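> sequence-free structure coming up:
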């Protein structure tokens, strides 16, 4: 069950409504992580969580810990939704404030207490409908957030290469983004910023099983570091 806030009494801006991109990404990831052990011991970060659907769905599917993030103005509604669904998620979801940008993201990642030197702050990062024309002023900050997350990935790969330990070198952070194009010439700026930061944005093929479930005008992307 999700609470929306069309009147803006609990949240302002776009975090107050359930958008199609959230539904599409939830559908895609439910299929992608369909095996019972796919999310065992996995930690998840959701950016621009809005109502928190994607993160809570992954928690319900078995993720060990999920951190759903939003701007301060959207936190009260997000917190209510997390509390309302605690029985389904078994209390594995917590809310945190995050305004996009390199410094804020690095602070959040640094706050994670990692048991192993090579461990990643999060195994999976998700975001839905984060890039649209009316928030073009935030494109650079969002790209910096993704760059900060992948910086940990680059450092982890470097440590493996330096030590000669190739054990889990191919097991890295998985970053998923759903996007609904609106004004492509504006949104193209975001994708250029990602490329300039060495981030590959790869459009995923729609699995045959989801051909009739996913809207044709919403795309699922996987983000990785160029060259890895």
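Right, received. Where do you want to start? Quantities reported herein were computed from a predicted structural model and do not represent experimental measurements.
> does residue 104 sit in a helix or strand, and which one?
According to DSSP states H and E, residue 104 maps onto helix 102-110.
> do the same with residue 69
Here residue 69 is assigned to strand 65-70, by DSSP H and E.
> can you give me the strands in the chain?
43-47, 65-70, 93-97, 124-128, 174-179, 199-203, 219-225 (DSSP state E).
> the longest one pairs with which strands, parallel or anti?
For strand 219-225, the paired strands and their directions (DSSP bridges) are strand 174-179 (antiparallel), strand 199-203 (antiparallel).
> average pLDDT across the last one?
So that's strand 199-203. Taken as a whole, strand 199-203 has an average pLDDT of 96.
> buried ones in that strand, by neighbour count?
199, 201 (16 or more other C-beta atoms under 10 Å). (C-beta placed from N, C-alpha, C; glycine too.)
> other residues contacting it?
If you take C-beta atoms under 8 Å, 6 or more residues apart in numbering as the criterion, strand 199-203 is touched by 143, 146-147, 150, 177, 191, 194-195, 219-226.
> again, only using 6 Å
Here strand 199-203 makes contact (C-beta atoms under 6 Å, 6 or more residues apart in numbering) with 146, 191, 194, 219, 221-224, 226.
> report how many residues lie close to residue 210.
Applying other C-beta atoms under 10 Å, we find 15 residues neighbouring residue 210.
> so the residue most central in space within the chain bridges to which residues?
By C-alpha atoms, centre = their mean, the chain has its centre lying nearest to residue 126, at 1.7 Å. Counting by DSSP bridges, residue 126 forms beta bridges with residue 46, residue 176.
> wait, it sits on residue 46?
Yes - taking contacts as C-beta atoms under 6 Å, residue 126 lies within contact range of residue 46: 5.1 Å.
> find the residues that touch each one of the two.
By C-beta under 6 Å, 6+ apart, the residues touching both residue 126 and residue 46 are residue 54.
> show me how to select, in PyMOL, the buried members of the contacts of strand 199-203.
To isolate the buried members of the contacts of strand 199-203 in PyMOL, using 16+ other C-beta under 10 Å:
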select buried, resi 146+191+194+219+221+223+224
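> hmm, which helix or strand of this structure has the shakiest average pLDDT?
Within the chain, no helix or strand scores below helix 139-163, which has a mean of 80 by mean pLDDT, DSSP states H and E.
> where does the prediction get shaky in the chain?
In the predicted model of the chain, residues 11-15, 113-119, 155-171, 227-228 satisfy pLDDT under 70.
> and with 50 instead?
118, 169 (pLDDT under 50).
> return the set of buried residues in stretch 16-36.
16, 19, 21-30, 32-33.
> ok, residues contacting that stretch?
2, 4-5, 39, 51, 53-54, 57, 128-129, 178, 180, 207, 210, 213-214, 218, 220.
> swap in stretch 39-52?
Against stretch 39-52 from outside (C-beta under 6 Å, 6+ apart): 2, 15, 18, 33, 54-55, 58, 61-70, 78, 81-82, 122-127, 130.
> now the terminal residues of it, how far apart.
End-to-end span of stretch 39-52 (C-alpha to C-alpha, to the nearest Å): 18 Å.
> buried ones in stretch 174-183?
Buried, per 16+ other C-beta under 10 Å, within stretch 174-183: 174-180.
> swap in stretch 53-71?
Those would be 53-63, 65-71, for stretch 53-71 by 16+ other C-beta under 10 Å.
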